[in-house]
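In: Here is a sequence together with a model predicted from it:
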Amino acid sequence: MNSNGIYTGFIKVQMELCKPPQTSNSGKLSPSSNGCMNTLHISSTNTVGEVIEALLKKFLVTESPAKFALYKRCHREDQVYACKLSDREHPLYLRLVAGPRTDTLSFVLREHEIGEWEAFSLPELQNFLRILDKEEDEQLQNLKRRYTAYRHKLEEALREVWKPD
């Protein structure tokens, strides 16, 4: 513990990812790193969000930290409970309170269970909307041209039928 009351220590985080994330060096995280235990040296002031960012940086992951969540896994009476941690929680404090045994408390990094669009930034979403609006306008114009042409053909056919001899 430092004189200012901040302490440092190590936490272990297990990677449980469904698919390999994008990395800056090879494009994908090594499949062998999934499921492995990673040790991080952090301080008592580090939040869950900062721990996620540190893990992603350690493995050169280029995907947004918003796509990932840190869970605490607790073992009690032959049952395992997993609970998603909020971004404001401090994992080192939780580790200190739980004690050193990883069978009592452990941390797991998983893909964040969010909707398909929630992982995008606001400018990206606005750009998607502009593209969709443009496509919708193009489709509407094509549809109007088709039905205008059909109406002209129909009117011409009616004039032929009703033409006096």
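Out: Now that the structure is in, tell me what you want to look at. Numbers count the residues shown, from 1 in each chain.

In: drop to CA atoms for contacts and neighbour counts, all remaining ones
Out: Noted.

In: all strands for the protein, in order.
Out: Along the chain, counting by DSSP state E, strands occupy 8-15, 37-43, 68-76, 79-84, 105-111.

In: The longest one pairs with which strands?
Out: Within its sheet, strand 68-76 is paired with strand 79-84 (antiparallel), strand 105-111 (antiparallel), according to DSSP bridges.

In: would a markdown table of the strands of the chain with mean neighbour count be doable?
Out: Output for these, formatted as a markdown table (neighbours: other C-alpha atoms under 10 Å):
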| stretch | mean neighbour count |
| --- | --- |
| strand 8-15 | 18 |
| strand 37-43 | 15 |
| strand 68-76 | 18 |
| strand 79-84 | 12 |
| strand 105-111 | 21 |
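
In: outside of the helix or strand of the chain with the lowest mean pLDDT, which residues touch it?
Out: One helix or strand of the chain scores below all others by mean pLDDT, DSSP states H and E: strand 79-84, with a mean of 85. Strand 79-84 is contacted by residues 69, 70, 71, 72, 73, 74, 75 when judged by C-alpha atoms under 8 Å, 6 or more residues apart in numbering.

In: rerun that using 6 Å as the cut-off
Out: By C-alpha atoms under 6 Å, 6 or more residues apart in numbering, the list of residues contacting strand 79-84 from outside reads 71, 72, 73, 74.
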